[in-house]
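J.: Generate a structure from the sequence data that follows.
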Amino acid sequence: MFQIRKMSSEEVLKLVTCTAPVNIAVIKYWGKRNETLILPVNDSISVTLSSNQMNAKTTVTASPSFTEDKIWLNRELQIKSGRLSLCLEEVRANARMIANPPVNPEWKVHVCSENNFPTAAGLASSAAGYACLVTALCKLYNITGDTSVLARRGSGSACRSVYGGFVHWQMGVREDGRDSIAVQLAPSSHWPELRVLICVASDSRKKTSSSVGMKNSVETSPLLKFRAEHCVPKRTREMIQAIQDKNFPVFAELTMKDSNQFHAVCQDTYPPCVYLNQASHAVSSLVHQINSSSHNLVAAYTFDAGPNACIFLLEKDVPHFLALFRYYFSDGASEFIRGETAVESKLEDSEIASLSMDKIPGGLKYVLVTKVGDGPELLGEDDHLMDQNGEPLFCSK
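T.: From the prediction side, this is the model:
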């Protein structure tokens, strides 16, 4: 299928491999004021997840003998896209400003990338992917300093994945986008008790891509404009304070309200973007019922552009929610609970009787237990996805 091309004896390729994490927005990014530069209509705030459970892994290299840029994603050679080309060119433009870069920015590049989680299913795969690509390329060219602007050119939310912990993407006001950057609000160590349950209702590619959905929302949704101008600025300030104070009830309420409003914008779009399914609504209903019976906000859901719920909660409450999710949504699969080790609690019959819920066996494929994590990481040569000829390792197996 692939032609394995041997390098000359004088040519030694520099290979760089990195991983980058997924981030989950608690104040959502939805809508661009500039499609080419990927400038958002409002600020957003996210939580970076641990790369131990969910990450993109990318190897990059460049050579004067390469005839074209090539990228393999999850073992498939990709058709070059405008976003990828713009991102590569932006990185190369920065490399050209370096005196004697270690790799010539005019050389074509080969990129091999893989995700260890579903792609294009509303789990921020493009954020991790482009953050990983830009981080690896910057290491290849020895580009230093803030890389969030470069990552943003590939995928808006990717700018948040270049940092760990809690991240604020500032929309900026400049027309050239140079002030539309991500900044870290707090490191992963700031709130060690915080946990995240990724409830995977579907790992299929979503019907309406985020890019298409955003464009339609900007063009047709009056609610989007109201949200960006009147709701998000205040909500952003309150969320920053809640994170600084580690105030979970405020964090939880803001997270759920913003998720709900984001999906209201999707419904207000013409034609509407429908990302949630029966299991999504059931998960959110369960969270509200448990919060109500607890007389406190002990968990918060948020949904990106897909049906998969991200549940924020404190470590002490994880066993209870795992037991609830297994009872209501599992079809008996042995690996229903994945990720960080956690022991499920025993559910009381009285609690089940008090909940207004029907079982949806198989409504969730699995639940992944994870936590707040760090930003991209440089890996060693044993982790490369390409050989010294710049070809994917899977081609030679």
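J.: In the stretch 51-200 of the chain, what residue spans correspond to strands?
T.: Taking DSSP state E, counting those that start in this stretch as the test, the strands found in the stretch 51-200 of the chain are 55-63, 70-73, 76-77, 108-115, 166-169, 182-186, 194-200.
J.: Point out where the stretch 1-150 of the chain drops to low pLDDT.
T.: 1-11, 118-124 (pLDDT under 70).
J.: Which parts of it are helices?
T.: 82-96, 125-141, 148-152 (DSSP state H, counting those that start in this stretch).
J.: returning to what we had before: can you tell which of the strands of the stretch 51-200 of the chain is closest to Phe336?
T.: Among the strands of the stretch 51-200 of the chain, strand 194-200 comes nearest to Phe336, with 10.2 Å by Cβ to Cβ. C-beta: built from backbone N, CA, C; applies to glycine.
J.: on that earlier part again, need the winner for burial among the strands of the stretch 51-200 of the chain.
T.: strand 55-63 (a mean of 27; mean count of other Cβ atoms under 10 Å).
J.: now the strands of the stretch 51-200 of the chain in TSV, with distance to Ser125?
T.: Output for the strands of the stretch 51-200 of the chain, formatted as TSV (distance: least, Cβ to Cβ, whole Å):
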stretch	distance to Ser125
strand 55-63	7
strand 70-73	9
strand 76-77	14
strand 108-115	5
strand 166-169	17
strand 182-186	18
strand 194-200	12
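J.: Of all these, which one comes closest to Asp268?
T.: Of all those, strand 166-169 comes closest under Cβ to Cβ, at 22.8 Å.
J.: just to revisit the earlier point, which of the helices of the stretch 1-150 of the chain sits most buried?
T.: helix 125-141 (a mean of 28).
J.: tell me what that one is packed against?
T.: Packing partners of helix 125-141 (3 or more Cβ pairs under 8 Å, 6 or more residues apart in numbering; DSSP states H and E): strand 16-21, strand 55-63, helix 82-96, strand 108-115, helix 148-152.
J.: Figure out which of those is closest to Gly165.
T.: strand 16-21 (10.3 Å).
J.: quick revisit: what's the closest of the strands of the stretch 51-200 of the chain to Ser221?
T.: Once the strands of the stretch 51-200 of the chain are compared by Cβ to Cβ, strand 166-169 is nearest, at 20.6 Å.
J.: now that closest one, how far from the centre of its chain.
T.: Here strand 166-169 shows a centroid-to-chain-centroid distance of 13 Å under the convention Cα atoms, centre = their mean, to the nearest Å.
J.: Mind listing the strands it pairs with, and their directions?
T.: Applying DSSP bridges, strand 166-169 is found paired with strand 44-48 (antiparallel), strand 182-186 (antiparallel).
J.: Output the ones you listed in CSV; the columns should cover distance to Pro233.
T.: As requested, the strands paired with strand 166-169 are exported to CSV (distance: least, Cβ to Cβ, whole Å):
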stretch, distance to Pro233
strand 44-48, 12
strand 182-186, 16
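J.: can you count the residues close to Ile240?
T.: Neighbour count for Ile240, taken as other Cβ atoms under 10 Å: 17.
J.: The one 4 residues further on too?
T.: Neighbourhood size, Gln244 [other Cβ under 10 Å]: 13.
J.: wouldn't it be in contact with Phe166 here?
T.: No. Using Cβ atoms under 8 Å, Gln244 is not in contact with Phe166; the gap is 9.0 Å.
J.: where do the contact lists of these two overlap?
T.: Leu185, Ala186 (Cβ atoms under 8 Å, 6 or more residues apart in numbering).
J.: Pull up the gap between Val196 and Arg326, please.
T.: Counting by Cβ to Cβ, to the nearest Å, the separation of Val196 from Arg326 is 17 Å.
J.: residues of stretch 317-324 that come out buried?
T.: Asp317, Val318, His320, Phe321, Leu322, Ala323, Leu324 (16 or more other Cβ atoms under 10 Å).
J.: Walking through the stretch 201-350 of the chain, point out its strands one by one.
T.: Using DSSP E, counting those that start in this stretch, strands in the stretch 201-350 of the chain cover 299-303, 309-314, 337-339.
J.: and Thr48, what is it in contact with?
T.: By Cβ under 8 Å, 6+ apart, the neighbours of Thr48 are 21-23, 160-161, 163-167, 188, 372-375.
J.: about what we covered before: may I see the helices and strands packed on helix 125-141 organised as JSON lines, with distance to Ser294 added?
T.: Listed next are these as JSON lines, based on distance: least, Cβ to Cβ, whole Å:
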{"stretch": "strand 16-21", "distance to Ser294": "30"}
{"stretch": "strand 55-63", "distance to Ser294": "33"}
{"stretch": "helix 82-96", "distance to Ser294": "43"}
{"stretch": "strand 108-115", "distance to Ser294": "35"}
{"stretch": "helix 148-152", "distance to Ser294": "38"}
